[in-house]
Every structure is written in C-alpha cells, then in structure tokens.
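Engineer: Sequence below, structure please.
(one chain, ligands or ions: 1)
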Amino acid sequence: MISKVKQADRMKRIHLSGIRKVFEKVAELERKGAKITHMEIGRPDFDTPSHIKEAAKKALDEGFVHYTASVGIPELRKAIAEKLSRDNGIRIDPDRELIVTLGANQAIFLCMMGLLNPGDEVLVPEPMFVYYADWGEFAGAKTVSVPLREEENFRVRAEDIERCITPKSRMLILNSPHNPTGAVLNRDTLAAIAEVAKKFDLLVLSDEIYEKMVYDGAKHFSIATFPGMTDRTLTINGFSKAFSMTGWRLGYVVANPDLMSALLKVHQHTVVCPVSFAQKGAAAALTGPQGCVDKIVREFDRRRKLVIDRLNEMEGVKVARPQGAFYTFPSIKETGRSSQEIADYLLEEAGVAVVPGSAFGSLGEGYIRIAYSTSYDDLEEGLSRMKAALAKLRS
Ligand SMILES: Cc1ncc(COP(=O)(O)O)c(C=O)c1O
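Structural biologist: Next comes the predicted model:
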C-alpha cells in the first residue's frame, strides 16, 4: 500500500531557493570557524533607523499588540498613499486599492494566487528573482522566460517581450531596478513595454522594491503612471531595502479595486493581517525624515564603484555597469567554469560568498551575482582575495 504520509504532488514542481542554499553552506563554514566575506546576501547591512524602531517600541509599550485590519492600519495606508503620490506620481484611494503585506514577497504571492488561472503564462525577464517562477507554479501558471542580454546591459526590450507572447500570456513581471543584474529601465523602454501590455491585454506586475537605489543619474519610473496602465498594473513595493527593514516583513500591493477582493481572500486566509506594532514603525519610516534613505543609497553607490573597479581588474571577469539595486552580475564565462564551480571555488579558496548565476534561472549561467550589501572594508578585503584566487585559477 502506498503511504498517505507524504508531500503534495505539486511540491515536486516547486524549488527551495538557490540563494538560501548558499546561505546554509556559508553558515556551516562559519560554524567551523571560517571567515567569510558576504557578497551573497541581498539585504542592506545597516541597522533600521532609530526613529522607526522607536515608533514600533512605543506601539508595543502602549499595548498595540492585537490583530489589525487585514489591509493594514489606516495611518500606514494613508502614509503609503502619500508616498506613492509624492515619489511615484501614483494616486490611489488607500481604502480601496491597497493591501499592506508581509514583505513585497507576500504581495507578489497574493497577485499570483489571486489572479492567475492554471495554464496561464507569466512572462518574466531572465535571469530573474527566482521566486517569481515558483509562485507562478503554486497557481498552476507557467513561467515563460524573456531572455535578457548582457550587451543591452540586461535591460529587457519590448520587442523581446512581444516575441514571447502567446494566446495564453496573462501577466508580465517587471523588476526595475533589477535583481540580480542591477539594470534600470528608462522611460522610453517602459513606454514601449506599456504599449505591448495594452496591445496584448496583459496584467503587469511591477516589483519596485529597489526604486530608491539608482545611480549615475538614472531615474526610476512607475509603469502604472503611463497612459492606460493604471488598471492593469500591480505595483509592488516595501520597506525591506530602502529602510533596511528586511526582518520587519512589511510591503504592499496597489491594484485596481476590481482585483482587490481576490488578493484580499488570499491575504486573509494566509496571514490575516500584517504585524501590528511593525506597521507603526513603517508609518514612521514614511512620514519621518528621509535623510536615512539618502545615506544608505550614497553608501551603496560608493561600494558599487569599488566593486566595478575591482571586478574590471580581475582575470576572466567582465562586468556590465549596473545602475541600480545593490547587485552586479559579472560574466565569468572566460574562466571556462560553470557559475556553481566558480561560486564553490571562491568560497573555498578565497572565503568569498557569491551566488551562482544559475540560481536565477538557466539564462543566469555564465555569471555570478555579487551583492555589495556588506561594509566597504569587508568588500575591499574580499575583492582582493577574489582577485588573487581567480589569478591562481588562471595560472
Ligand atoms: C526583486 C525582489 N523582490 C522582492 C523582494 C522581497 O522583498 P521583501 O523583503 O519586502 O519581501 C526581494 C528581496 O530580495 C527582491 O530582490
């Protein structure tokens, strides 16, 4: 008799994160006493600014510890609506078009589960933030990769999206600034993509979690503000990156009110509501001084320049100039090794943790992702060790 004590069949199509695999390996080496430079972690290394922590502490002290409205507390929803209007030009009714979620991740999951039918196709530029594909799988949808090209600095092109469209295409995912490549889409590219979305009646999920991290004069644009795009765009954002609040688990989704009840059903039936006192902190993040964000972004830019300069000096490495997020995605093709082999080698030989490009889909093969979300000094040291290790590999 076949035992019924087993996993659901659909879990066979869903993967654990390749990035988490690197974390675990690194943690094991550190337990054994190894000193590792962390260039794998996609999280700012700064503390959450103190006024945000104070607001959450005050909320706890005042007993703000119970369930809140599923969509989030009014104070935070108002602050998000004001932020969207101020920073993005997106005007919303916070009572009808917004849900506060447990991080941007949960916001994306709500959209996939609430809006996709089995067999629908989701267009995702690849290399990609891999969770997108797995969340689609939960909904029974199929991920269709839109290849990104190094020679285009990994910016997705409207014509490449159009080429991948079939009658089953339902949703397009955009992520600008982009994880893992650091690419930023300019206004003209977004305008051309908006035309494709309208022509083929696509939903567009715009993951804008890295919006504040743009450099070299690049600007972030929200596709929801382009003509005819408001109702078909799901704008995703959160607090993890700009305010260094990854552990607070707070994000949000903005959607057309006709789609909201589907998202709310998934939200209520999974998490009920976001964490009460954390929401008070997030409200303070948006209504308080924004200098803390500028400071974080300036430091990332300083590190970005260091990383690009140093990578350019390394043997077998070629790097496109990223304009956003806190990642670079250098090619290691000239080494003749796979991205997994290079990542393993760098960890063992140089004590440097990076993520193999293959963790971002098969089109990420030939590259590694370097996150510059560790201190400048650590980066300098790690990059020197990396340079020596790659030179050794060559000889
Ligand atoms: C592209 C992208 N979207 C979403 C997230 C998740 O953000 P959050 O911590 O708000 O869930 C990340 C985190 O690394 C990311 O890289």
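Engineer: What is the secondary structure element (helix or strand) that Ala107 belongs to packed up against?
Structural biologist: For Ala107, the enclosing helix or strand under DSSP states H and E is helix 103-115. Contacts defined by 3 or more CB pairs under 8 Å, 6 or more residues apart in numbering; DSSP states H and E place helix 103-115 against strand 98-101, helix 131-138, strand 169-175, strand 203-207, strand 233-238, strand 251-254, helix 257-270. All C-beta atoms are positioned from the backbone trio N, CA, C, and that covers glycine.
Engineer: And whichever helix or strand comes after it, how far out from the chain middle?
Structural biologist: Next helix or strand after helix 103-115 toward the C-terminus (DSSP H and E): strand 121-126. Distance of strand 121-126 from the chain centroid (CA atoms, centre = their mean, to the nearest Å) equals 15 Å.
Engineer: show me what contacts the closest residue to the ligand within the stretch 251-395 of the chain?
Structural biologist: Ranked by CB to the nearest ligand atom, the top residue of the stretch 251-395 of the chain for proximity to the ligand is Gly251, at 4.1 Å. Applying CB atoms under 8 Å, 6 or more residues apart in numbering to Gly251 gives the contacts 100-107, 209, 236-240.
Engineer: thinking again about what came up before, adding mean pLDDT as columns, could you present the helices and strands packed on helix 103-115 in CSV?
Structural biologist: As requested, the helices and strands packed on helix 103-115 are exported to CSV (pLDDT from 0 to 100):
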stretch, mean pLDDT
strand 98-101, 98
helix 131-138, 94
strand 169-175, 98
strand 203-207, 98
strand 233-238, 98
strand 251-254, 98
helix 257-270, 97
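Engineer: Tell me how far the residue in the stretch 51-200 of the chain that the ligand sits nearest to lies from Thr328.
Structural biologist: Nearest residue of the stretch 51-200 of the chain to the ligand: Gly103, at 2.6 Å (CB to the nearest ligand atom). Gly103 sits 24 Å away from Thr328, going by CB to CB, to the nearest Å.
Engineer: who's more crowded, the two?
Structural biologist: Higher neighbour count among Gly103 and Thr328: Thr328, with 25 against 22, using other CB atoms under 10 Å.
Engineer: so what's the more buried one up against?
Structural biologist: Contacts for Thr328 (CB under 8 Å, 6+ apart) come out as Gly182, Arg304, Val307, Ile308, Leu311, Val319, Ala320, Pro322, Arg369, Ile370, Tyr372.
Engineer: Give the bridge partners for it, please.
Structural biologist: According to DSSP bridges, the partner residues bridging Thr328 are Ile370.
Engineer: Next, the contact list for the residue nearest to the residue of the stretch 251-395 of the chain closest to the ligand when sequence neighbours are not counted, please.
Structural biologist: In this structure, Gly251 finds its nearest non-sequential neighbour in Gly238, 2.9 Å apart by CB to CB, 6 or more residues apart in numbering. Residues near Gly238 by CB under 8 Å, 6+ apart: Thr101, Gly103, Ala104, Ala107, Ile209, Leu250, Gly251, Tyr252.
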